[in-house]
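Participant: Sequence and predicted model, in that order:
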Amino acid sequence: MDSEIKEEIPVHEEFVLCGGVETQVLKCGPWGDLFNDQNVNRPKLLIFIIPGNPGFSSFYVPFAKALYSLTNKCFPVWTISHAGHALAPKDTKILPASEDANAQEIKDIYGLHGQIEHKLAFLRTHVPKEVKLILIGHSIGSYIALQILKRAPELPVSML
């Protein structure tokens, strides 16, 4: 029964240009543009999963669906790939980078420092400051989450 519920939860796949590199983002729940969605039902909290290596966001789909289901479908769950770890299928539209200053190319984006900056750039350009964040990291993703807390204390990360 529980697995049937998870199967009914749609997952939206996007590829965005972040830090000069195409990046896969998998979304359970509201997956519109959080900046331009002025709907009163716009989510107030986002659960953001940062994977471990090898950085494939699709590995976390069952977990993301379970989280979304357990929150009564109130809070979206997004999973981001590591920079350079997922290629868009041919003929897939890659959403352009934001005009935001944080959308610039990141030096050494494939190294650890670059991966941290990659996630920060994504959060700064795709998640409004009013939306609280819950960061979930697996393995090296946990380290990246801790570095995000250290480098960007202005982000509204909820400490549960």
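Facilitator: Alright, I've got the coordinates.
Participant: ok, longest helix in this protein?
Facilitator: Secondary structure of the chain per DSSP state H: the longest helix is helix 112-126.
Participant: That one - contacts with which helices or strands?
Facilitator: strand 11-18, strand 21-28, helix 140-151 (3 or more CB pairs under 8 Å, 6 or more residues apart in numbering; DSSP states H and E). Yep, even glycine has a C-beta here, placed from its N, CA and C like the rest.
Participant: Tell me the neighbouring strands of the second one, and mark each as parallel or antiparallel.
Facilitator: Taking DSSP bridges as the criterion, strand 21-28 forms sheet pairs with strand 11-18 (antiparallel), strand 77-80 (antiparallel).
Participant: Run through who's touching it.
Facilitator: Strand 21-28 is contacted from outside by 9-17, 57-58, 60-61, 64-65, 67-68, 76-81, 83-84, 86-88, 94, 106, 109, 118, 122, 126, using CB atoms under 8 Å, 6 or more residues apart in numbering.
Participant: what do you get if the cut-off is 7 Å, keeping everything else the same?
Facilitator: Strand 21-28 is contacted by residues 9, 11-16, 57-58, 61, 64-65, 68, 76-81, 83-84, 86-88, 94, 109, 122 when judged by CB atoms under 7 Å, 6 or more residues apart in numbering.
Participant: filter these to the buried ones?
Facilitator: The neighbour count (16 or more other CB atoms under 10 Å) marks 9, 11, 13-16, 57, 61, 64-65, 68, 76-81, 83, 86, 109, 122 as buried among the contacts of strand 21-28.
Participant: Before I go, just wanted to say thanks for your time.
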